[in-house]
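>>> 3D model of this:
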Amino acid sequence: MNPRGKLRALVGAARRAVIFTGAGMSTDSGIPDFRSPSGLWTRMKPIPFDEFISSEAVRRESWRRRFEGDDTLTQAAPNAGHYAVTALLAKGYARCVLTQNVDDLHRRAGVDPNALIELHGNSTYATCLSCGQRYELAALKAAFEATGGVPPCDACGGIVKSATISFGQAMPEGPMARAAEAIAACDLCLVLGSSLQVYPAAAFPEEVARRRVPLVIINREATPLDGLAELVWHEGIAEALAVLDDLPTLELPL
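Just a heads-up that it's a prediction; the model follows:
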């Protein structure tokens, strides 16, 4: 069976699919990925969490980078792939989206926040690392432009950080627990645009393959899990998912 037919068959038979997305999901929205030859990591070394915590100078550099790249994130819009994912949930084939992305584009494409599990956080706002108070980036950017830094939390004096997971930072317990529960119940895992090299997130598709549940990988480049997948398709995400456009909406029990 060709990839188009096999993808339709696998998704068409699913009722509890988990959709796992990575940076390749958003490249068509103009957001660079990390690991390709022109990716972000080739141009800018990531800042480890412990350095962010221990050094005011490092925190200033981190915020400089964040606000320097602000236009790319704020001007990005969901692409056809994001809307195709939303449609799979709305039609009843998938239960949730596990995403490694921090760009908020799945939510903006209409995915119910209750069905969206952000494994690496969200870059569109900030939080206090001590008390969890939320801060909007516009106010922090104004403070940064005025003083060259972001002030401590006005509620508890803690360090304010973009609500993303940095290298060396503990993964968020709540989203990880929700992801594990979804993976344990899924009947298909559809991986879209992930290199599957970043752990512990990549362990979720591994677990699917270990359980002998169908694993589908759609990614332009090879991944370490290709040999475990039921289907590997080196194709653009929007182009691949377009073959599912005419799947009917399922009548599911209430």
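
>>> got the buried residues for stretch 86-105?
Residues of stretch 86-105 classed as buried: 86-89, 92-105 (neighbour count, 16 or more other Cβ atoms under 10 Å). Every C-beta, even on glycine, is put in place using the N, C-alpha and C of the backbone.

>>> I meant to write stretch 156-169 there.
By neighbour count on 16+ other Cβ under 10 Å, the buried set for stretch 156-169 is 158, 160-166, 169.

>>> reformat these as CSV; add secondary structure.
Converted to CSV, these look like this (DSSP: H, G, I helix; E, B strand; the rest coil):
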residue, secondary structure
158, coil
160, strand
161, strand
162, strand
163, strand
164, strand
165, coil
166, coil
169, coil
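
>>> now flag whichever of these is closest to residue 67.
The closest of those to residue 67 turns out to be residue 162 (Cβ to Cβ; 10.2 Å).

>>> for the closest one, give its distance to residue 234.
33 Å (Cβ to Cβ, to the nearest Å).

>>> right, and the helix or strand after the helix or strand of the chain with the lowest mean pLDDT?
Sorting the helices and strands of the chain by mean pLDDT, DSSP states H and E puts helix 40-43 at the bottom, at a mean of 48. Per DSSP states H and E, helix 40-43 leads on to helix 49-54 as the next helix or strand towards the C-terminus.

>>> tell me what that following helix is packed against?
Applying 3 or more Cβ pairs under 8 Å, 6 or more residues apart in numbering; DSSP states H and E, one finds that helix 49-54 contacts helix 56-68.

>>> what does the helix it packs on rub up against?
Identification of contacts with helix 56-68 by Cβ atoms under 8 Å, 6 or more residues apart in numbering yields 44, 47, 51-52, 123, 137, 140-141, 144-145, 148-150, 159, 161-162.

>>> name the residues of the helix or strand that it is followed by that are buried.
Proceeding N to C from helix 56-68, the next assigned helix or strand is helix 70-75, under DSSP H and E. Within helix 70-75, the residues that count as buried by 16+ other Cβ under 10 Å are residue 73.

>>> send the alpha carbons of helix 70-75 over as CSV?
Extracted C-alpha coordinates of helix 70-75, given in CSV (Å, rounded to 0.1, in the frame of the first residue of the first chain):
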residue,chain,number,x,y,z
ASP,A,70,9.8,38.5,19.3
ASP,A,71,8.6,39.5,15.8
THR,A,72,9.1,36.0,14.5
LEU,A,73,6.9,34.5,17.1
THR,A,74,4.2,37.2,17.3
GLN,A,75,3.8,37.4,13.6
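
>>> stretch 16-32: end-to-end distance?
End-to-end distance of stretch 16-32 (Cα to Cα, to the nearest Å): 30 Å.

>>> so residue 123 sits in a strand?
Yes: according to three-state DSSP, residue 123 belongs to a strand.

>>> and the spatially closest residue to it that is not a sequence neighbour, helix, strand or coil?
With sequence-adjacent residues excluded and distances taken as Cβ to Cβ, 6 or more residues apart in numbering, residue 123 is closest to residue 102, at 4.1 Å. Three-state assignment for residue 102 (three-state DSSP): coil.

>>> give me the helices and strands touching the strand or helix carrying residue 177, please.
Following DSSP H and E, one finds residue 177 within helix 173-185. Helix 173-185 is packed against strand 94-99, strand 116-118, helix 203-210, with contacts defined by 3+ Cβ pairs under 8 Å, 6+ apart.

>>> output the ones you listed as TSV; include the columns mean pLDDT and distance to residue 181.
Formatted as TSV, the helices and strands packed on helix 173-185 follow (pLDDT from 0 to 100; distance: least, Cβ to Cβ, whole Å):
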stretch	mean pLDDT	distance to residue 181
strand 94-99	98	10
strand 116-118	98	10
helix 203-210	97	11
